[in-house]
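Chemist: structure for the following, please:
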Amino acid sequence: MVDPHRGLRAWLVASIAAVFLTLMVGGVTRLTESGLSITEWKPISGVFPPTDSATWQAEYERFLRIPQASTTHLGITLDGFKFIFWWEWIHRFLARAVGLVFAIPYLWLLWRRRIPDGLKLRLASLPLLTLAQGALGWYMVQSGLAERSSVSSYRLAAHLSLALAILVVAVWTWADLRALARRDVADEPPASDAWRRAMLTLVVAVSVTVVSGAFVAGLRAGEIFNTFPLMGGQVVPPGYAFDGGWMRGAFEHPIAAQFHHRVLALLTAALALVMAWRAGRSSRDPLTIGRDGAVIGSARPPLTQAAARAIRVVGAVALVQVALGIATLLLSVPVVLGVVHQLTGALLLTVAVLALHRCRGTNLPTTMQRSVA
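Modeler: Below you'll find the predicted structure:
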C-alpha cells in the first residue's frame, strides 16, 4: 500500500538532518570562540559577507571594540579575525537555511493539502520555533558585546534547549507517521505502563544532562579538572562551596557546572544501561507455571521485541557518549571531540525519543488516527 505521508516524512527527515548540521557548526563556532565576531544582527543584508578590504576592515574594527577582543582574542590580527568571522557567518547562514527548510516545504505541503488536520498546528510550530531560535540566538550574542567577554551561559542553555525542542517535535512527528504506516503491516501492542514511565524518565534525564552541558560550555568549565573519575583528587571537588548561595553557584560556578554535568551524565548512562539490560529479558514471552510445574499458559510480554531493540540502541549510544565525554575532558576539550560529543548528545536524545515512541506501539490516539486517515 502506498504511504500517503511519504513526502511529509521525507521533509521531517531533512529537517532533522538540518538541525544536526546546525548543531555541528554551532559547536565549532562556540569552541573556536567565534560567536561574537559579527557584532550586528542584519537578518537580510547579513546574508552577504564582506567582499572588499574596506568592508573587512570595518567589521574588524567593530569587533575590536567589544570586551572579547581584549581578552580571549587579545592581539588578534585581521587574518585571525577572518577565520572566526567565517565560522559565525556560516552558522548564521545555516540558521537562515534551516528556517527555509522548515517554512517553504511546510507552506507547500499545506497548500497541496498534504498535511493532516491533526498535524497542522504541531508542524506550524517548527518554522515558528525556528524564527524564535534566530531571535534568541541574537539575544544570546548581545550578552557578550558590552560588559562580558563571553555570552551568558543561561542564554546559551536556552538557545540549545530550543534547538532540542525543535528536534524533538520533528522526531516525534516523524515517528507518529511511521507508526501509522506500520499499522498497514501489523499492529504493534504498547509496552507496559511501567516501561513507558521508565522511558519518559530517561528522555527527561537525557534532556537535562545535555542542557547542563551548555553551562559547562558557557562557563568554560571543561578546561578545569581534566581528570577522571576524581576532580582534584576528590569525589566532591575542592571549591564546591559558594559564597553567593548554592542555587546561584550551581549555574554560575565552573566547578559546579562540571561536577553536576558529570553526575548527571553518569546517572543517566547507568539508567540507560540498566534499561537496555532489562529490555532483553522483558521482551521474552513470560510463561505461567502451575503448582505442579506444568506450563498452563503465557502472557503478553511487557515489552515488544521492537521496543526492546530500540531501548538497547539507547544504551549503546549512551555508552559511546560517556566515553566521548571522558575523552573530551581528559584532552581539555579539543574542537573535534567537543563537537562530536555535542552531536552524540543530540543523537542520544533522538534515539531515546524514538524508543519512547516505540513503547507506545501502533496504538496512536484516536483523534490522530482519524485526522491522518
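
Chemist: what about the helices in the stretch 201-350 of the chain?
Modeler: 246-252, 254-282, 305-330, 335-360 (DSSP state H, counting those that start in this stretch).

Chemist: which stretch among those helices comes nearest residue 157?
Modeler: Of all the helices of the stretch 201-350 of the chain, it is helix 246-252 that lies closest to residue 157, at 8.4 Å by C-beta to C-beta. The C-beta positions use only the backbone N, C-alpha and C, and glycine is treated the same way.

Chemist: pLDDT on that closest one, on average?
Modeler: Helix 246-252 carries an average pLDDT of 80.

Chemist: same check on stretch 76-92?
Modeler: 95.

Chemist: now do the buried residues in it.
Modeler: Residues of stretch 76-92 classed as buried: 76, 81, 82, 84, 85, 87, 88, 89, 90, 91, 92 (neighbour count, 16 or more other C-beta atoms under 10 Å).

Chemist: likewise for stretch 56-71?
Modeler: 56, 59, 60, 63, 66, 68, 69.

Chemist: and the two most separated of those?
Modeler: 56 and 68 (18.3 Å).

Chemist: name the helices or strands packed onto the helix or strand encompassing residue 171?
Modeler: Counting by DSSP states H and E, the element that carries residue 171 is helix 153-182. Here helix 153-182 touches helix 6-31, helix 117-142, helix 193-218, helix 246-252, helix 335-360, going by 3 or more C-beta pairs under 8 Å, 6 or more residues apart in numbering; DSSP states H and E.

Chemist: got the buried residues for it?
Modeler: Quick answer for helix 153-182 (16+ other C-beta under 10 Å): 153, 155-160, 162-164, 166-171, 173-181.

Chemist: tell me the mean pLDDT for that helix?
Modeler: The model assigns helix 153-182 a mean pLDDT of 92.

Chemist: report the angle between that helix and helix 193-218.
Modeler: Helix 153-182 runs at 150 degrees relative to helix 193-218, counting by axes from the mean of the first three to the mean of the last three C-alpha atoms, to 10 degrees.

Chemist: which strands or helices does the longest helix anywhere in the chain pack on?
Modeler: For the chain, the longest helix by residue count, based on DSSP state H, is helix 78-111. Secondary structure elements in contact with helix 78-111, counted by 3+ C-beta pairs under 8 Å, 6+ apart, are helix 6-31, helix 53-64, helix 117-142.

Chemist: same thing but 6 Å
Modeler: helix 6-31, helix 117-142 (3 or more C-beta pairs under 6 Å, 6 or more residues apart in numbering; DSSP states H and E).

Chemist: give me the mean pLDDT for the last one.
Modeler: Averaging pLDDT along helix 117-142 yields 92.

Chemist: confirm that residue 39 sits in a strand.
Modeler: No - assigned with DSSP: H, G, I helix; E, B strand; the rest coil, residue 39 falls outside any strand and is coil.

Chemist: let me see the contact set for it.
Modeler: Under the criterion of C-beta atoms under 6 Å, 6 or more residues apart in numbering, the neighbours of residue 39 are 62, 145.

Chemist: quick one: it from residue 174, how far?
Modeler: According to C-beta to C-beta, to the nearest Å, residue 39 stands 38 Å off from residue 174.

Chemist: weakest of the helices of the stretch 201-350 of the chain in terms of mean pLDDT?
Modeler: helix 246-252 (a mean of 80).
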